[in-house]
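Trainee: Sequence first, then the predicted structure, then my questions.
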Amino acid sequence: MTGPVVQESLYNILLNFRLHRIALIVDIEKMYLQVRVTEEDSQLIRMLWQEPGRPMTECGMRTVIFGLSCAPFLATRALKQLAVDDGDSFPLAKKGISDFYVDDLLSGASSVREAIETRRQMTHLLRRGGFTMRKWATNDPAVLKDIPVAERASLSTHHFAPEASLKTLGVRWHVSEDLFSFSVNCNANQTHYMKREVLSTIAKIFDPLGLIGPIVIVAKTFMQELWKLDIDWSDPLPELYNVRWRSYLAHLQETWHIKIPRRCLSIDSLRRVYLHGYCDASETAYGAVLYLRAVDEVGNVSSRLLCSKSKVTPINRPTIPRLELCAATLLARLIKTVKSTLRMTIHQTTAWSDSMTTIAWISGDPARWKTFVANRVAEINSTLSAVNWRHISTDENPADLLSRGVTPMSLASTPLWWSGPTWRPEDSIELQPDNLPSTVQRLIDTSSSSIHC
């Protein structure tokens, strides 16, 4: 569980963590040392030990230790086996085992009573495996009223990052406010920057859900420009680029202004839940963003940002229509991943694009188009049928922010990004073959050669 695998695991857990009304986080104390290895394998885990005044000896460890590449997997596998062996006696805890990110539990419940019962069952289940829970944190103090202060988290914020480092630009959860923010620690006062420093800073921006994707994409497109310059890793950036990067870092430090609700649903007693996705492309980048929209029993509506994904356009840049199709493909993949991860019923999924050509391609028979278009249209249709795709104007498309990038202060004050369009998407006319806009219908009826881009 290292690298991309770890990030993917945290990505899936965070998606569901954002659904709970009552959030619950806790660590397992000295998790690795509670997992024994076989006598045969213990001889492969060696440690040097020396008592004062005695010669150094070599010992074999009987437990998993920190530093082994297999340690996260073995510890997590032990938790899953514990759920198999004893989980039937603790149904809520057995369900919550899948919310562990190595030794951190990121779970929750829909009520205080359910959260307390989940906490109780999880404590008893893990105790059977020799695991001790510590550093409890929740957005509702009532859940922890009978937990000793010594066993609660001492800090008011929780960091989500693969490495606990002051140099990490990671996600923070402000417990009492129940808000996400981003910690930024970068030097915007250097005289000169090098290409390796630019890449290092980009790698430290830990945003698994793409909540600040429009900010990060600016750095990624800047890095692509540096590749085109063909400069060495340790060479100072040309003055023009040096000034641009210093300005970006200065703006990056302003991300502390951005506060994001941890819960992506602002209402309870859900009646229907909709998933709305938007995609867009430009000459420099393309991306897709998802919103969870819900309606309760009395008609109250909630619409909040769920996640996003963006990519830099290839150096050998395709045409804009093809890039728009790539953005639609990215959106289809994102929808497929999110729907397979969320533990809730999605009543309707709708995808939006501001490209009439893209919608015409998706609505037509893939066999009519050339290979580049046909392959992507076939993939899109396998995830989401053409009747679920609709057109939106550029001004109302939140994915436009992903494709061009914005500053932190601008993003913080843009409701379009955080809540999506203010109009009601489910009330608009569906783009079905019988009621397609005339422009799209003409594109479909045109011979395939005329819209090959």
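Mentor: Looks like it arrived, so ask away.
Trainee: now the strands for the stretch 201-350 of the chain?
Mentor: 260-261, 270-281, 285-296, 301-312, 348-353 (DSSP state E, counting those that start in this stretch).
Trainee: what's around residue 192, how many residues?
Mentor: 12 (other Cβ atoms under 10 Å). In this view, the C-beta of every residue, glycine as well, is placed from N, C-alpha and C.
Trainee: Isn't it up against residue 235?
Mentor: No. Judged on Cβ atoms under 8 Å, residue 192 makes no contact with residue 235 at a distance of 9.6 Å.
Trainee: Of all the strands of the stretch 201-350 of the chain, which one is nearest residue 121?
Mentor: strand 270-281 (24.7 Å; Cβ to Cβ).
Trainee: Return the set of residues that bridge with residue 132.
Mentor: residue 29 (DSSP bridges).
Trainee: Correct me if wrong: it contacts residue 28.
Mentor: Yes. Residue 132 is within contact range of residue 28, at 7.0 Å (criterion: Cβ under 8 Å).
Trainee: Those two - which one has more neighbours?
Mentor: Set residue 132 next to residue 28 and count neighbours by other Cβ under 10 Å: residue 28 wins out with 21 against 14.
Trainee: Grab the nearest non-local neighbour of that one.
Mentor: residue 103 (4.3 Å; Cβ to Cβ, 6 or more residues apart in numbering).
Trainee: circling back to that earlier point, got any residues that touch both of residue 132 and residue 28?
Mentor: By Cβ atoms under 8 Å, 6 or more residues apart in numbering, residue 132 and residue 28 have these common neighbours: residue 126.
Trainee: picking up where we left off before, could you redo the strands of the stretch 201-350 of the chain as a markdown table and give each row mean neighbour count and distance to residue 35?
Mentor: Converted to a markdown table, these look like this (neighbours: other Cβ atoms under 10 Å; distance: least, Cβ to Cβ, whole Å):
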| stretch | mean neighbour count | distance to residue 35 |
| --- | --- | --- |
| strand 260-261 | 17 | 35 |
| strand 270-281 | 22 | 38 |
| strand 285-296 | 25 | 37 |
| strand 301-312 | 21 | 32 |
| strand 348-353 | 22 | 40 |
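Trainee: Residue 395: which of those is closest?
Mentor: strand 270-281 (11.5 Å).
Trainee: The closest one pairs with which strands, parallel or anti?
Mentor: Strand 270-281 has these strand partners (DSSP bridges): strand 285-296 (antiparallel), strand 348-353 (parallel).
Trainee: Bridging across strands, which residues link to the nearest residue to residue 140 once chain neighbours are set aside?
Mentor: Here the nearest residue to residue 140 in space, its sequence neighbours aside, is residue 22; by Cβ to Cβ, 6+ apart that works out to 5.2 Å. Note on residue 22: beta-bridge partners residue 109, judged by DSSP bridges.
Trainee: oh, and call the first residue 516 from now on, that's how I've got it
Mentor: Will do, 516 is the new start, and the previous item becomes residue 537.
Trainee: thinking residue 860 is in contact with residue 788, fair?
Mentor: Yes. At 6.6 Å, residue 860 counts as touching residue 788 under the criterion of Cβ under 8 Å.
Trainee: List the buried residues in stretch 825-836.
Mentor: Buried residues in stretch 825-836, counted by 16 or more other Cβ atoms under 10 Å: 825-828, 835-836.
Trainee: Next, find the distance separating the residue nearest the centre of the chain from residue 841.
Mentor: Here the mean C-alpha position of the chain is nearest to the C-alpha of residue 724 (Cα atoms, centre = their mean), at a distance of 1.9 Å. Remark: distance between residue 724 and residue 841 (Cβ to Cβ, to the nearest Å) = 21 Å.
Trainee: Please apply the same query to residue 689.
Mentor: Counting by Cβ to Cβ, the gap from residue 689 to residue 841 is 36 Å.
Trainee: Looking at those two, which is more packed in?
Mentor: residue 841 (21 against 15).
Trainee: Quickly list what the nearest residue to the more buried one once chain neighbours are set aside is bridged to.
Mentor: Closest residue in space to residue 841, ignoring its immediate chain neighbours: residue 801 at 5.7 Å, by Cβ to Cβ, 6+ apart. Under DSSP bridges, the beta-bridge partners of residue 801 are residue 796, residue 826.
Trainee: My guess is residue 801 contacts residue 823. True?
Mentor: No. With contacts counted by Cβ under 8 Å, residue 801 stays clear of residue 823, the gap being 11.6 Å.
Trainee: Now list whatever residues contact both of those two.
Mentor: With Cβ under 8 Å, 6+ apart, residue 801 and residue 823 have common neighbours residue 917.
Trainee: what residues are up against the residue nearest to the centre of the chain?
Mentor: 526, 529-530, 533, 821-823.
Trainee: Just the pLDDT at it, thanks.
Mentor: Note for residue 724: predicted pLDDT of 94.
Trainee: Let me see the contact set for residue 842.
Mentor: So residue 842 contacts 794-796, 801-803, 868, 873, 914, 918 (Cβ under 8 Å, 6+ apart).
Trainee: on contacts alone, who are the packing partners of the one helix or strand residue 687 maps to?
Mentor: Assessed by DSSP states H and E, residue 687 sits inside strand 686-689. When contacts are defined as 3 or more Cβ pairs under 8 Å, 6 or more residues apart in numbering; DSSP states H and E, strand 686-689 packs onto strand 672-675, strand 694-697.
Trainee: weakest of those strands in terms of mean pLDDT?
Mentor: Among the helices and strands packed on strand 686-689, strand 672-675 scores lowest, at a mean of 74.
Trainee: Who does it pair with, and is each partner parallel or antiparallel?
Mentor: strand 686-689 (antiparallel).
Trainee: hmm, who's touching the strand it pairs with?
Mentor: Contacts of strand 686-689 (Cβ under 8 Å, 6+ apart): 538, 540, 671-676, 694-698, 721-723, 726, 774, 777.
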